[in-house]
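Trainee: Here's a sequence, model it:
(one chain, ligands or ions: 2)
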Amino acid sequence: MKFEFENPTRLVFGAGSLSQLGEAVRAYGKKALLVTGGGSVKRNGTFERAVASLNASGVSVVECSGVEPNPRLSTVVRGAEIARNEGCDVVIGLGGGSTMDAAKVMAAAVFYEGDPWEMIAHGQENRNLPTRALPIITVPTLAATGSEMNAGAVITNEKTTEKSFVIAKCLFPKVAVVDPELTVSVPPDQTAFGICDLITHVTESYFNGVDGTPIQDRFAEGVILTAMEWGPKAIADGNNPEARAQVQWASVVALNGWVQVGSAAAYPVHMIEHVLSAHHDIAHGAGLAVVNPAWMRFAAESRPARFAQFAQRIFGLALQHPEDAEAAKEGIERFEAFLRSIGCPTRLSELKIGDSLLGRYAQDTVRIIHNSEGLLPGRPPMSEKDIIKVLRSAL
Ligand code: NZQ
Ligand code: ZN
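Mentor: Ligands and ions are numbered 1, 2, ... in the order given. Now for the predicted structure:
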């Protein structure tokens with residue numbers, strides 16, 4: 001076991017914590033670029049409360065609204081220009097993962113010389129990670145991505161139809177103000193997609209990480225079991241504060257690095273889903289709900305023991321022996337049934353995706369990220385043919 005771990009983000013968690021936003025931001029600047037999405041924060045009063053807290057602490061606000069789900073590169077460029085022209089000294093992402101991701105990359109793009117896509121695009125030789133960004137403060141309004149407390153961001157280049165990620169130390173938010181009350185207005189479908197996303201963050205490392213990580217396994221199982229217990233309650237009653245808080249906390253923990261530390265995991269399901277989102281502009285969590293069970297069936301063929309452990313520990317299935325392939329299969333069935341029960345799609349056809357571009361999705365996935373043999377990293381590494389096979393099984 002050999003690893004390093006650092007997560008410098010200060011976390012302020014709890015119902016009502018939005019009122020601490022001003023104080024948190026004031027430690028880093030006086031003039032904030034306040035980045036928001038398509039308007040939900042205006043409709044539910046969050047925006048007004050955020051601005052009141054900022055102004056009360058002496059922080060003035062310049063707005064950048066209209067970040068779209070699957071945020072576009074042009075939006076990042078627009079936001080960075082506003083921040084530069086207005087002389088903003090801090091950037092706040094107030095919204096879902098899309099808004100927070102766009103805010104993070106805007107904060108870096110302010111200082112970035114050249115095309116900001118160079119920070120992001122994988123598979124390109126001229127990739128150039130950002131080393132500097134304005135201080136970033138995140139305020140999630142949807143429990144899903146974990147972007148609030150990690151150094152990643154996912155951006156779509158609408159010109160090339162590519163969606164890819166950047167991970168850089170300067171993108172760690174200084175503070176994440178995580179107030180579960182802000183998520184009560186999230187509709188049931190987006191709530192379910194968020195639950196699927198957070199679970200997939202830990203299944204990726206659970207199934208693709210190195211062997212011999214019992215603490216990481218238990219962390220991941222704890223996140224999955226908690227999400228499966230409290231997620232349906234948050235969907236049944238969006239105003240249930242405890243359910244919203246448990247799901248929100250699960251989403252933070254699922255991708256702030258604690259679960260993954262030392263696992264050196266690849267994220268094949270995410271890499272495949274990002275390509276589907278790039279081409280079809282679907283919700284990330286909905287795409288994952290389709291790809292993840294299909295990928296699990298494929299991966300279980302080569303590693304039944306790992307999936308049997310999942311079946312036993314998550315669904316309480318009895319194993320005939322550690323490599324019990326039948327139990328492994330049953331565990332995946334039950335996982336897929338859970339996703340369906342909370343309202344997630346589990347077939348590509350439900351996302352109105354047919355079979356005409358399967359080869360293109362596979363090519364794009366592998367072009368964006370591949371190992372030295374040209375395969376999509378994961379356990380097992382996947383060829384384009386494998387990716388097509390998985391997607392075809394989910395039609
Ligand atoms: O845009 P608004 O009007 O705010 O509406 C949004 C949007 O329509 C709405 N919403 C958000 N908070 C709400 C609300 N509606 C009512 N009440 C609220 N409180 O929800 C819709 C979806 O928002 P979005 O931000 O797109 O969702 P999510 O949080 O799932 O973020 C998805 C994006 O994050 C990326 C995904 O690829 C995708 O682009 N990811 C980022 C990661 C990261 N930075 O670490 C990791 C993830 O794996 C993921 O790839
Ligand atoms: Zn995700």
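
Trainee: Phi and psi next, for whatever residue of the stretch 51-200 of the chain ends up closest to ligand 1.
Mentor: Closest approach of the stretch 51-200 of the chain to ligand 1 (Cβ to the nearest ligand atom) occurs at residue 96, with a separation of 2.1 Å. Any C-beta I mention is one placed from the backbone N, CA and C, and that applies to glycine too. For residue 96, the backbone dihedrals (degrees, to the nearest 10) come out as phi -80, psi -170.

Trainee: ditto for the one 3 residues further on
Mentor: When read as degrees, to the nearest 10, the backbone of residue 99 gives phi -70, psi -40.

Trainee: same deal with residue 182?
Mentor: According to degrees, to the nearest 10, residue 182 has phi -70, psi -10.

Trainee: surely it meets residue 140?
Mentor: Yes. Residue 182 is within contact range of residue 140, at 7.3 Å (criterion: Cβ atoms under 8 Å).

Trainee: nearest residue to the residue of the stretch 51-200 of the chain closest to ligand 1 other than its sequence neighbours?
Mentor: residue 142 (3.9 Å; Cβ to Cβ, 6 or more residues apart in numbering).

Trainee: so the one you found sits right up against residue 95, yeah?
Mentor: Yes. If you go by Cβ under 8 Å, residue 142 and residue 95 touch, sitting 7.4 Å apart.

Trainee: Show me what whichever helix or strand residue 338 is part of is packed up against.
Mentor: Using DSSP states H and E, residue 338 maps to helix 325-341. If you count contacts as 3 or more Cβ pairs under 8 Å, 6 or more residues apart in numbering; DSSP states H and E, helix 325-341 packs onto helix 284-302, helix 304-315.

Trainee: Among the ones you listed, which comes closest to ligand 1?
Mentor: Using Cβ to the nearest ligand atom, those put helix 284-302 closest to ligand 1, at 3.7 Å.

Trainee: the inter-axis angle of that closest one versus helix 304-315?
Mentor: Inter-element angle recorded for helix 284-302 and helix 304-315: 130 degrees (by axes from the mean of the first three to the mean of the last three Cα atoms, to 10 degrees).

Trainee: Buried residues, helix 284-302. List them.
Mentor: If you call a residue buried by 16 or more other Cβ atoms under 10 Å, then helix 284-302 has these buried ones: 284-300.

Trainee: Which parts of the protein belong to which domain?
Mentor: Annotated domains of the chain cover 10-183, 188-393 [automatic domain parsing].

Trainee: can you give me the end-to-end distance of the first one?
Mentor: With Cα to Cα, to the nearest Å as the measure, domain 10-183 spans 20 Å from end to end.

Trainee: model confidence over it, on average?
Mentor: For domain 10-183, mean pLDDT is 97.

Trainee: Buried residues, stretch 57-72. List them.
Mentor: 57, 59, 61-62, 64-72.

Trainee: Among the residues you listed, give me the pair with the biggest separation.
Mentor: Spanning the widest gap among the buried residues of stretch 57-72 are 57 and 70, at 32.7 Å by Cβ to Cβ.

Trainee: Near ligand 1, which residues of the stretch 1-150 of the chain? Just list them.
Mentor: 37-41, 44, 69-70, 95-99, 101, 141-142, 144-147, 150 (Cβ under 6 Å from any ligand atom).

Trainee: Could you identify the buried members of these?
Mentor: Going by neighbour count (16+ other Cβ under 10 Å), those have 37-38, 40-41, 69-70, 95-99, 101, 141-142, 144-147, 150 buried.

Trainee: Out of the residues you listed, list just those in helices.
Mentor: 40-41, 97-99, 101 (DSSP state H).

Trainee: Count the neighbours of residue 86 for me.
Mentor: 15 (other Cβ atoms under 10 Å).

Trainee: does it really touch residue 63, like I thought?
Mentor: No. Checked against Cβ under 8 Å, the pair residue 86 and residue 63 is beyond contact range at 10.0 Å.

Trainee: Need the residues touching each of the two.
Mentor: residue 33 (Cβ atoms under 8 Å, 6 or more residues apart in numbering).

Trainee: On the three-state scheme, residue 34 is what?
Mentor: Using DSSP: H, G, I helix; E, B strand; the rest coil, the structure places residue 34 in strand.

Trainee: That one: neighbouring residues, count only.
Mentor: 27.

Trainee: measure it to ligand 1 for me?
Mentor: Plainly put, residue 34 is 13 Å away from ligand 1 if you go by Cβ to the nearest ligand atom, to the nearest Å.

Trainee: ok, now residue 35?
Mentor: From residue 35 over to ligand 1 (counting by Cβ to the nearest ligand atom), the distance is 11 Å.

Trainee: does that residue really touch residue 88, like I thought?
Mentor: No. Applying Cβ under 8 Å, one finds residue 35 not in contact with residue 88, separated by 10.3 Å.

Trainee: Between these two, which has more neighbouring residues?
Mentor: Shown here are residue 35 and residue 88; by other Cβ under 10 Å, residue 35 has more neighbours (33 against 26).

Trainee: I'd like to check which residues are in contact with the more buried one.
Mentor: 64-65, 67, 79, 91-95, 99, 102-103, 106.

Trainee: Skipping adjacent residues, who's closest to it in space?
Mentor: Going by Cβ to Cβ, 6+ apart, residue 35 has residue 103 as its nearest residue, at 3.9 Å.

Trainee: tell me the strands in the chain, going along the chain?
Mentor: Applying DSSP state E to the chain gives strands spanning 10-13, 31-35, 60-64, 90-95, 136-140, 152-157, 162-167, 175-178.

Trainee: Residue 112 is nearest to which of those?
Mentor: Proximity to residue 112 (Cβ to Cβ) singles out strand 162-167 among the strands of the chain, at 10.8 Å.

Trainee: Tell me what angle that closest one forms with strand 152-157.
Mentor: Using the same axes, to 10 degrees: strand 162-167 against strand 152-157 is 150 degrees.

Trainee: Now residue 4: phi and psi?
Mentor: Main-chain dihedrals, residue 4, degrees, to the nearest 10: phi -120, psi 150.

Trainee: what about it, neighbour count?
Mentor: Based on other Cβ under 10 Å, the number of other residues close to residue 4 is 6.

Trainee: Could you do residue 226 as well?
Mentor: Each residue near residue 226 was counted by other Cβ under 10 Å, and the total is 18.
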